[in-house]
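K.L.:
Structure of the sequence below:
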Amino acid sequence: MSWLIVPDLILPDDMRTAVLQDLALPALTTLLARATTQSTPTPHSTLGALCGHFNIAPQQDYPIAPISLAADGGEPAQYYWLRADPVHLRATRDQLMLVDSGALSISQAEAELFAQAFNEYFKDDGYLLYPLRPDRWYLRLNHTPQISTTPTHQVTGKHIDPYLPKGIDGLAWHRFYNEVQMLFFSLAINNDREQRGDIPINGLWCWGGGIMPDIARLQAGKLWSDDHNLRAMALLANMPNDALPDDAANIDEHAIVILDQLTGAAQYGDYYGWRVAILALEKNWFAPMLQKLKKGELQQLTLTTHSPNQQLDWRNSRWTLQRFWRRAALNQRLAAPAN
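P.N.:
As a prediction, this is how the structure comes out:
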């Protein structure tokens, strides 16, 4: 079975009709219309789906931080770790909107300076910040906080209030975030960044907390993705993995492919960018994969996406493609099911 996971394929109701208007996607429409469909109530995202595939159980969060840390060359030991992504929090009226590290152009030297200031300030609180990569920082705790968190990519371009840490220790972490903002605001390095035209780093976004889990070794399949966190899981599970290719030419029966080209446009409400990205997916992925099914080069193809409360799966085989009578407008196929 080949498995295509396409984040942000389902658009909000108020965006969907306008974006899909006059959009010709015959291969995707065929794959959705003729498939056997399944809708599973779940809060999971692509991360959750892959954790399920690798038999990684949730702790309070899915423990992405220690997994990513190990893949980056760190030693998780038995500490509790959080990803502590450097972010810019932009004030919009009375709220703060998150801009992730993709827009920040951080050098390793800068990351080390921020970590040095953080570790000095919080030295008596049981926190240590490790910037193993310029855009991937890790927070080590000497205790397990009672919080659940939201991954940075799910908050990018949004106001942060609904996504702040939740749980018994939630309010303490809100205060911690405020302290970090005040600390980073005061640093000379941020003045230097602003003077040369770079966006200041004025916060951390913590997520993916946990203690390193046991990861079963998987022998079959290959993961194709540009997402470091997903490839980290595959690496530790001994599954071959590689960067996402330009098209489906070399995708075989046992591939897991993460097609996240829609995500950036969806995060920032970029209608035009989403249309451009899905047309490219149609040409380079959906149409070639449909042809592979028709020719028998693939026995089964599953396409998966997530709405806020559902995992949606469309499963196709050469047999399902014979359902010529099954038709529906793309707008209907890409509507999130009612809860």
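K.L.:
Quick check on residue 227: phi, psi?
P.N.:
For residue 227, the backbone dihedrals are phi -90, psi 110 (criterion: degrees, to the nearest 10).
K.L.:
quick one: it and residue 260 touch, right?
P.N.:
Yes. With contact defined as Cβ atoms under 8 Å, residue 227 reaches residue 260; the gap is 6.6 Å. Quick note: C-beta positions are derived from backbone N, CA and C, even for glycine.
K.L.:
So for the two, which residues contact both of them?
P.N.:
Jointly contacting residue 227 and residue 260 under the rule Cβ atoms under 8 Å, 6 or more residues apart in numbering are residue 46.
K.L.:
Helix, strand, or coil at the nearest residue to residue 25 once chain neighbours are set aside?
P.N.:
Using Cβ to Cβ, 6 or more residues apart in numbering and skipping residues adjacent in sequence, the residue nearest residue 25 is residue 282, 4.9 Å away. Classification of residue 282 using DSSP: H, G, I helix; E, B strand; the rest coil returns helix.
K.L.:
so who does residue 282 touch?
P.N.:
Contacts for residue 282 were tallied using Cβ under 8 Å, 6+ apart; they are 25, 26, 27, 28.
K.L.:
6 Å instead, please
P.N.:
Residues in contact with residue 282 (Cβ atoms under 6 Å, 6 or more residues apart in numbering) are 25, 27, 28.
K.L.:
now that we have these, which one has the most neighbours?
P.N.:
residue 28 (25 neighbours; other Cβ atoms under 10 Å).
K.L.:
my read: it touches residue 284, true?
P.N.:
No. Using Cβ atoms under 6 Å, residue 28 makes no contact with residue 284, being 12.0 Å away.
K.L.:
Walk me through the regions of the stretch 151-300 of the chain where pLDDT falls short of the threshold, as ranges.
P.N.:
Applying pLDDT under 70 to the stretch 151-300 of the chain flags the ranges 218-219.
K.L.:
My understanding was that residue 225 contacts residue 258; is that so?
P.N.:
Yes. Assessed by Cβ under 6 Å, residue 225 is found in contact with residue 258 at 3.8 Å.
K.L.:
Could I get the pLDDT score of residue 72?
P.N.:
In this model, residue 72 is scored at 94, pLDDT.
K.L.:
Against residue 66, how distant is it?
P.N.:
11 Å (Cβ to Cβ, to the nearest Å).
K.L.:
Settle it for me: which of those two has more neighbours?
P.N.:
Between residue 72 and residue 66, residue 66 has the larger neighbour count (other Cβ under 10 Å), namely 29 against 14.
K.L.:
so who does that one touch?
P.N.:
76, 81, 210, 212.
K.L.:
now swap in residue 38 and tell me
P.N.:
By Cβ under 6 Å, 6+ apart, the neighbours of residue 38 are residue 313.
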